[in-house]
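Q: Got a predicted model here, sequence first, then my questions.
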Amino acid sequence: MFTENLMIALSLLAAIAMMTAAALKGWQGWLAFKARELESQRGGSDQGNPAGMARIEIADLKERIRKLEAIAAGVDL
């Protein structure tokens, strides 16, 4: 009787351990997928895409110049 209950308990513990391991492996795979997805959206490198960064910086400078010219001309934005 005791060994039968022990075998059932050990079998259930092994099944739970296997399901937990499978769930953990799936979770790690999902996290890796999301990390690759985010990296591809950022341009593929840790520092970002240099050409894209330069275009953003140039656009920002052009906007600042436009605002300064409007202020110098006395135009409200």
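A: That came in fine, so what should we check first? Fair warning: this is a prediction, and the values are worked out from it, not measured in the lab.

Q: C-alpha only now, for contacts and for neighbours.
A: OK.

Q: what's the spacing between residue 59 and residue 73?
A: As for residue 59, its distance to residue 73 is 21 Å (criterion: Cα to Cα, to the nearest Å).

Q: neighbour count winner among the two?
A: In this view residue 59 and residue 73 are compared by other Cα atoms under 10 Å, and residue 59 has more residues nearby, 12 against 9.

Q: and the gap between that one and residue 50?
A: In this structure, residue 59 and residue 50 are 14 Å apart, going by Cα to Cα.

Q: just residue 42 next, same as before
A: Counting by Cα to Cα, the gap from residue 42 to residue 50 is 11 Å.

Q: Please apply the same query to residue 73.
A: According to Cα to Cα, residue 73 stands 34 Å off from residue 50.

Q: Please enumerate the helices of the protein.
A: 2-42, 50-73 (DSSP state H).

Q: so where's the protein uncertain?
A: By pLDDT under 70, the weakly predicted segments of the chain are 43-49, 76-77.

Q: Kindly report the domain assignment for it.
A: The record's domain parsing of the chain by automatic domain parsing lists 1-42, 47-77.

Q: For residue 42, grab the count of nearby residues.
A: When counting by other Cα under 10 Å, one arrives at 13 neighbours for residue 42.

Q: and what of residue 67?
A: Each residue near residue 67 was counted by other Cα under 10 Å, and the total is 15.

Q: go on, the one 3 residues further on?
A: Neighbouring residues of residue 70 were enumerated by other Cα under 10 Å; the total is 13.

Q: Could you do the one 4 residues further on as well?
A: Under the neighbour criterion other Cα under 10 Å, residue 74 is assigned a count of 9.

Q: Phi, psi for it please.
A: The phi and psi values for residue 74, taken as degrees, to the nearest 10, are phi 80, psi 20.

Q: Would you check how far apart it and residue 68 are?
A: Taken as Cα to Cα, the span from residue 74 to residue 68 is 10 Å.
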